[in-house]
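> Return a 3D structure for these sequence lines:
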Amino acid sequence: MLEGCRTAKERWGGVSEIVDRWLNERQELIVLYCSINGMDQLNNDNRPMASKLKELCQILVDYVSAGHFEVYDQLIQESLEFNDGGIDLAESLYPKIEQNTHHCLDFNDNCENISDIKRLQKSLSRLGEALEERFMLEDKLIATLHESHRNQL
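Sure thing, here's the model as predicted:
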């Protein structure tokens, strides 16, 4: 997941301030997710799990919101301006991203109510799968809606 984020930043970083900020937030989200899930053995974050989960939820909601209210709008506007056919892809991907958003927000809404470690692990696993799918869909959106006319910007 983290490697995919680095690749996205390498491909689209610097292209747009909004996309750059969003991809940096994505990286923060992934790093914290890996820390909570025990995937990052080099992380020295010794905060209580509740504190990490609260921060994860805050970053998750900020990231999802920025996508919906800033990034996607910008990409769709570019596609409309350049009339390069990318809008069809956006219309096919957006319902999948919308459904994915519900999974992410469900995690946020229910996170504080999970007291059992097995349920938490299961919820984190589902969130990881949702994030993986989301990043793939978003990368496809960026690649099509922005990269197709990048040289013209």
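
> in stretch 104-112, what counts as buried?
Under the neighbour-count criterion of 16 or more other C-beta atoms under 10 Å, stretch 104-112 has 104, 107-108, 111 buried. (C-beta placed from N, C-alpha, C; glycine too.)

> For Ile114, which three-state class applies?
coil (DSSP: H, G, I helix; E, B strand; the rest coil).

> surely it meets Gln121?
No: contact criterion C-beta atoms under 8 Å: Ile114 and Gln121 do not qualify, at 9.5 Å.

> quick revisit: among the buried residues of stretch 104-112, which ones are in strands?
Counting by DSSP state E, no part of the buried residues of stretch 104-112 is found in strands.

> Ile47 in helix, strand or coil?
Not Ile; residue 47 is Arg. coil.

> meant to ask about Asp139
Applying three-state DSSP: Asp139 is helix.

> From Lys96, how far out is it?
Look at Asp139 and Lys96: by C-beta to C-beta, to the nearest Å, they are 13 Å apart.
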